[in-house]
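K.L.:
Provided below are the primary sequence and the corresponding predicted coordinates.
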Amino acid sequence: MNTIEAEQAPVDHASHRQLEVRVNGERVPLTDHTPTGRQVLAAANLRPDTEFALLLWPAVGPTREIGLEEVTRVPKDGPGLEFFAMRADRVTYFVLDGDRYAWAGPLDLETIRRIGRVPADRQVWLERRDEPDVLLQDGQLVDLDPAGVERLYTREKTWRLDVQGEPTEWDRPDVIVRDALIKAGIDLAKQWTIVLKVKGKPHRQVKLIDVIDLEQPGIERLWLRPRQVDNGDGQILRRREFTLLPGDDAFLNASGYQWETIADGARRWLIIDNYAVPDGYNMSNCRVALEIPQSYPAAQIDMFYCDPPLSLRSGVVPAATDVRQSIAGVSFQRWSRHRNAASQWSPTHDNVSTHLGLVDEALGREVGA
């Protein structure tokens, strides 16, 4: 009779289904629907269990720590449970979009996107007090060691473009130059020479109708120069006391710079007016001087010089800028910045344009630009 009743009884297929969870992405079989944290670690062959942090990663919501003796119910149907197990002596926490996540070990952008289920079209920002928030980049680590809980938030992806020192933000990567100038408050009634600066490349003159692709690596800023500089009695005459290479002359003119060449005794100088510097300095532009050796381009251009002297907005003076150089009676601040082994001077490839690229890099490095 018992055999007959057993044969007639309904079969609970869910109870006969393979009982398992996932630990660090791997399937782990279990024999109990209510395992403790210790049992999950044992089933995953993670021993000794006291050296591991076990985190539950629910289908919805943030990660949370599971104690060794804490019981977790494995559902008979629906999505299975997922865990992270990491060798760690403690669990730390961070907040993402208002939810508090438990974590152990290094935390980078890829991990945040994974456990927070952040789609690729959203950016992840790290909140900061008394300074601008930080947009996290691929490979960048978030330090969870300091006291307090780091707070992160996501937002739709945006693109940024510096226009004459004014930061602008865009919800699309293709930006018309005219729109960029309008957003930055530039007076379009005036005549401008507009220059696009791309890191590691020669500056390029652009027109109002041109489109800038902000997805292009190295896009840094738009610079503007008045097409004519007038002192009230006509155009300012600029000195040309020695001749530059034709390529240098063409580059400087195409870039819209106001410049002159000065022979000061045995030394020759190229002076560029209103040279834009990155945000974070005590001024938005200065005069930049480059010494052009007599045997240039066989001999390299080295260092650069600024007037007035530059300092950070915080008042800090950059290292190796304390020497002053007199050029035609004006005291310039010498920036002792030299090429390294990876950027040795090449007479066939280097020129004023490439050296100004190093000038921009040196100025930007001091302010993290």
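P.N.:
The structure has been received and is ready for your questions.

K.L.:
all strands of the stretch 1-150 of the chain, in order?
P.N.:
Assigned strands in the stretch 1-150 of the chain, in chain order: 20-23, 26-29, 52-56, 64-65, 82-87, 92-96, 99-103, 122-126, 134-135, 150-156 (criterion: DSSP state E, counting those that start in this stretch).

K.L.:
touching the third one from outside, list them.
P.N.:
So the one you mean is strand 52-56. If you take C-beta atoms under 8 Å, 6 or more residues apart in numbering as the criterion, strand 52-56 is touched by 37, 40-41, 46, 63-66, 68, 72, 81-88, 90-91, 102-104. All C-beta atoms are positioned from the backbone trio N, CA, C, and that covers glycine.

K.L.:
of all the strands of the stretch 1-150 of the chain, which lies closest to residue 166?
P.N.:
If you check each of those against residue 166 by C-beta to C-beta, strand 134-135 wins as the nearest, at 18.4 Å.

K.L.:
helices and strands around the closest one, which ones?
P.N.:
Judged by 3 or more C-beta pairs under 8 Å, 6 or more residues apart in numbering; DSSP states H and E, the packing partners of strand 134-135 are strand 122-126.

K.L.:
the strand it packs on - what's its average pLDDT?
P.N.:
The predicted model assigns strand 122-126 a mean pLDDT of 93.

K.L.:
would you state the helices of this structure in chain order?
P.N.:
2-8, 13-16, 37-43, 109-115, 177-183, 246-254, 352-367 (DSSP state H).

K.L.:
leaving out sequence neighbours, find the closest residue to the most centrally placed residue in the chain.
P.N.:
Central residue of the chain (C-alpha atoms, centre = their mean): residue 137, 5.9 Å from the mean position. Closest residue to residue 137 in three dimensions, ignoring its sequence neighbours and counting by C-beta to C-beta, 6 or more residues apart in numbering: residue 109, at 6.7 Å.

K.L.:
any weak-confidence spans in this structure?
P.N.:
In the prediction, the chain carries residues with pLDDT under 70 at positions 1-17, 78, 226-237, 369.

K.L.:
does anything pack onto the longest strand seen in the chain? Which helices or strands?
P.N.:
What stands out as the longest strand in the chain, according to DSSP state E, is strand 267-276. In this structure, strand 267-276 makes packing contacts with strand 219-226, strand 259-264, strand 285-291, judged by 3+ C-beta pairs under 8 Å, 6+ apart.

K.L.:
out of these, flag the one nearest residue 117.
P.N.:
strand 219-226 (30.1 Å).

K.L.:
ok, and what's touching the closest one?
P.N.:
Looking at strand 219-226 with C-beta under 8 Å, 6+ apart, the contacting residues turn out to be 161-165, 177, 180-181, 186, 190-199, 203, 206, 212-213, 255-258, 274, 276, 360, 364, 369.
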